[in-house]
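J.: prediction below, plus the sequence it came from.
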Amino acid sequence: MDSLSEKVVTAIAKMQKRSPEEIALDSTFEELGIDSLNGFHLLVELEEELGITIPDDDARQLVRVCDVVEVIRPLVLAK
């Protein structure tokens, strides 16, 4: 797992009060108990931490942990 993936997993673990080891990249938000409000808070936290802005259209498509990583990777690299 690369550092960006680790940051996403760590943010989810903190928000959901879970161990990072319990969160796989292919886990869905539903499996992790992340509803739309929690998902919004997660994205805001990642935007602040990484200094990026996630477009709303992209944010609506996120279903799995790896989706988050795939969407934010180019934003982080472009920064």
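T.: Yep, it's here.

J.: so, low pLDDT: which residues of this structure?
T.: When residues are selected by pLDDT under 70, none of them lie in the chain.

J.: just read off the phi/psi values of the closest residue to Val71 other than its chain neighbours.
T.: Setting aside the residues directly before and after it, Val71 is nearest to Asp58 in space (Cβ to Cβ, 6 or more residues apart in numbering), at 4.8 Å. Every residue, glycine included, has its C-beta placed from N, CA and C. Here is the backbone geometry of Asp58 (degrees, to the nearest 10): phi -70, psi -40.

J.: buried residues in stretch 24-32?
T.: Ser27, Phe29, Leu32 (16 or more other Cβ atoms under 10 Å).

J.: mind giving me a markdown table with those residues and columns for distance to Leu50 and secondary structure?
T.: A markdown table is the format used below for these (distance: Cβ to Cβ, whole Å; DSSP: H, G, I helix; E, B strand; the rest coil):
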| residue | distance to Leu50 | secondary structure |
| --- | --- | --- |
| Ser27 | 20 | coil |
| Phe29 | 19 | coil |
| Leu32 | 20 | coil |
